[in-house]
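S.K.: 3D, please:
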Amino acid sequence: MNNDEYREEFGISDRDLEDAMGRRSGFRRLTKEQQIYGVFNDSDAEEETTVSRKQKKSYTTPLSFVAGGVVQAGKKKEDLGEDEEAEMEEEEETIIHTLKGRKRTAARQTGKSKGEMGNWEAHTKGIGAKLLLQMGYQPGKGLGRELQGISKPIEAVLRKGRGAIGAYGTEVPIAPEPVPEEEKELKPHQWRSEGKKKNKANYVYKTIEEVIEEESKGGRRVVRTQVDNKVKVIDMTGPEQRVLSGYHAISSQAAVVDLTREFAHYDIPELRHNVTLFVDMCEHEIIRNARELNHAHDRIVGLEQEENTLKILVEREESQLKSSTRLLGILEDLEKRFRDISNPLTLSYLASVLTQLQTEYYEEYHLYEMGNLANSYLVPLMRERLSLWQPLSSPKEHVTLFQQFKDILENQTRLTQISPYYGLIWNAWMPLFRIAVSSWNCRICDPMIDFIEVWLPLLPPTIFQNILHHFILPKIQSEVDTWNPLTDTIPIHSWVHPWIPLLGQNLDIVYPTIRQKLGFALINWHPSDKSARLVLEPWLTVFPKAHMDAFLIKHIVPKLAKELNAMTINPQSQVLDQWNWVMAWEDLLPIVQVTTMLEKFFFPKWLQVLATWLNHNPNYEEVTNWYKGWKVLFPENIAKHPSVKEQLTKALDIMNRAVQMASEAPPRVPQPFIPFPTRPVLLPTPPPRINQPQIRVEMSIPSGFKDLVIRRCEERGILIMPVDRWQEGKQVYKCGSGFIYFDKNVIFAKDYGTRWIPISIQTLLETVGS
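M.R.: Coordinates of the predicted model:
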């Protein structure tokens, strides 16, 4: 033997480096023979160790069992011969070595275990069946003494994933599909390999309709010749990590080729990829052709619809062409008669032609706006007809003719255009109206008002407003400027008020001028002149109330107040002319102004006369009649006013105080009774004035300090009278608007608060008088 064959190399190989670094994943523990003999171990031992090498267990595959031979049911092991027992053990070892490292798949498990019950004991020693038979088990029947248990063994079921029990529904074993008898029979030249299942390829066929339907439902795999985007996507949903070129590759079924798959005969990934790509391209081409076909069908339908539409349009155009030809003949005949002198065009014939055009050629009439064309024939004929018409003298003439053409021409008016009838009124009727207005006298308003009221239903609103603002109103305003209320005999309201229904608020521009001229006329007016009331009374409802009240307060109230202030109140001989002048205006004036005048200019004098009369022992019945007579003179609305009622109440209080004081004083000889008439205008004759000088002498000499103060107040027109109040046992008097009482020739007046302070006569007269 050559010594070189047993030479051992002491160099360091790559395998040694991997073993030293611990990078070899296939490192296994040495057997006892390898530890003893090392490299001189026999090859047979190496084969045995290779066969007996433990493989990594997989707990996801179904369980499988090693066949243990055929064991007779109920026969004990001691009854077997030594040869049979040795043969059985040898067979078991052979089967164990053969099946070690083989993959246990679910398909093989179900295929082997679905035959007869207990076939899996062929790979074991059959200890389970032996025990069952010894305990009285009968094959095919249930367990237990009464055979009430299960008759079939529990079968293992492979779940889809790693979920819990029941996560994927009821765990019932699925029966395998029956294998046809033709496939079970083997051909003579084929070998049968035990423990291996023939993997038969499953071919899937798709028709063109199925491909198109799958694409319509969105389940077709799209062929992408280019990368949609360059986003790097890491797919970790599978058993291993995949790096994809974009999101589109996630849904691609053939994007990743399983290179770890083992094939029985050959494995060409490139060919499989090309075939798959070719199939996808064919599907894409089929879908593209289907889309083009659908588009062509839709295009055909659209063209057919367009053809039908064009046919309808052509028929409509032909009908319009025929109608336009007939319409053109009518218009040519109309133009011919308009220019022919022998057979001239008349208004009645023109009205009939326009009516025919509106009824028979309605669309063309409105489309070509033939109403505007009619004015070119109608306006000249209408001007000729109206050339001799006098509008103000015969306003109702030609109303029927214009009403006829209004019904014809105004029907085709659009919102954005002017009516042809408007052109007829403006060009044929308005020139005659301008001539009539230029010669019209504004103070004789009835003819013009009658004319406008007759033609108002026939006039367009814009023309009517034009007439009012540009012809009627300027004419009235010019006439008002020349009006003089002092010299003109015709009242201004007689020719201005009739225009109020037509002009309305447009007359507001002339009202200030009228009020100004009336104010100038009232400068020298006297309340005895009743003509002012007759002039102002018609304007009471025309002028705004605020303007009318301001006018009366400025021009009438001062003159009435002056007369009321100059009025003399004399119980013996009363003249009521001034009172009647004032009360004649009470219905025109604001009631506040009337009561204010009475409070300021009448009641102070009236109460002063009453107080003076009561201080000289009068006849109280006569005083009562005098009071009643004046109360009757007040109009009802004024007598009910609170301020007037207050003044009358004051008079009653003075009368009551005087009666009370007279009852406490010693009796005097009453004066003769002077009756006061109940009629306000007729007053009694004054009583004899024989003792008048004596009374004046007695009144001129005051008897005490209190009489002196009362005399001074009467001289200044200040009312002083006792009231039903007492202060420190002294009588309280009302002096003007304040209260006083006398204590030992000293006047005590009430301050603004609650204090009583002494004051002099001069201070009292100045305070009360102011």
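S.K.: Would you mind listing the residues in contact with the residue lying closest to Trp630 once chain neighbours are set aside?
M.R.: Residue nearest to Trp630 in three dimensions, not counting chain neighbours: Trp606, with 7.2 Å by CB to CB, 6 or more residues apart in numbering. (Glycine included, C-beta is placed from N, CA and C.) For Trp606, the contact set (CB atoms under 8 Å, 6 or more residues apart in numbering) comprises Ile569, Trp630, Gln647, Ala651.
S.K.: likewise Val582?
M.R.: Taking CB under 8 Å, 6+ apart, we find Val582 in contact with Pro527, Leu560, Glu563, Leu564, Val594, Met597.
S.K.: one more time with 6 Å, if that's ok
M.R.: Counting by CB atoms under 6 Å, 6 or more residues apart in numbering, Val582 makes contact with Leu560, Leu564.
S.K.: Surely it is within a helix?
M.R.: Yes - counting by DSSP: H, G, I helix; E, B strand; the rest coil, Val582 is found in a helix.
S.K.: picking that back up, dump the contacts of Trp606 to a markdown table, plus neighbour count and secondary structure.
M.R.: Shown next, in a markdown table, are those (neighbours: other CB atoms under 10 Å; DSSP: H, G, I helix; E, B strand; the rest coil):
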| residue | neighbour count | secondary structure |
| --- | --- | --- |
| Ile569 | 15 | coil |
| Trp630 | 20 | helix |
| Gln647 | 18 | helix |
| Ala651 | 18 | helix |
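S.K.: List just the nearest of those to Asp16.
M.R.: Distance to Asp16 across these (CB to CB) is lowest for Gln647, with 143.4 Å.
S.K.: Can you list the low-confidence ranges for the stretch 501-650 of the chain?
M.R.: Within the stretch 501-650 of the chain, no stretch has pLDDT under 70.
S.K.: What sits closest to Phe602 if chain neighbours are left out?
M.R.: Spatial nearest neighbour of Phe602, excluding adjacent residues (CB to CB, 6+ apart): Leu564 at 5.7 Å.
S.K.: Buried residues, the helix or strand hosting that neighbour. List them.
M.R.: Per DSSP states H and E: Leu564 is located in helix 557-566. Neighbour-count burial for helix 557-566 flags Val557, Lys559, Leu560, Ala561, Glu563, Leu564 (criterion: 16 or more other CB atoms under 10 Å).
S.K.: next one: stretch 588-600
M.R.: Neighbour counts over stretch 588-600 (16+ other CB under 10 Å) mark Leu589, Ile591, Gln593, Val594, Thr595, Met597, Leu598 as buried.
S.K.: Reduced to three states, what does the residue nearest to the fourth one when sequence neighbours are not counted come out as?
M.R.: The shortest distance from Val594 to any residue other than its chain neighbours is 5.3 Å, reached at Glu586 (CB to CB, 6+ apart). Of the three states, Glu586 takes coil according to three-state DSSP.
S.K.: In this structure Glu586 contacts Gln593, no?
M.R.: No - using CB atoms under 6 Å, Glu586 is not in contact with Gln593, being 9.5 Å away.
S.K.: lowest-confidence helix or strand of this structure?
M.R.: Every helix and strand in the chain was compared by mean pLDDT, DSSP states H and E; the lowest is helix 692-700, with a mean of 36.
S.K.: and stretch 146-155, how far apart are its ends?
M.R.: One end of stretch 146-155 to the other measures 23 Å (CA to CA, to the nearest Å).
S.K.: for stretch 521-535, same thing?
M.R.: Stretch 521-535 stretches 11 Å from its first residue to its last (CA to CA).
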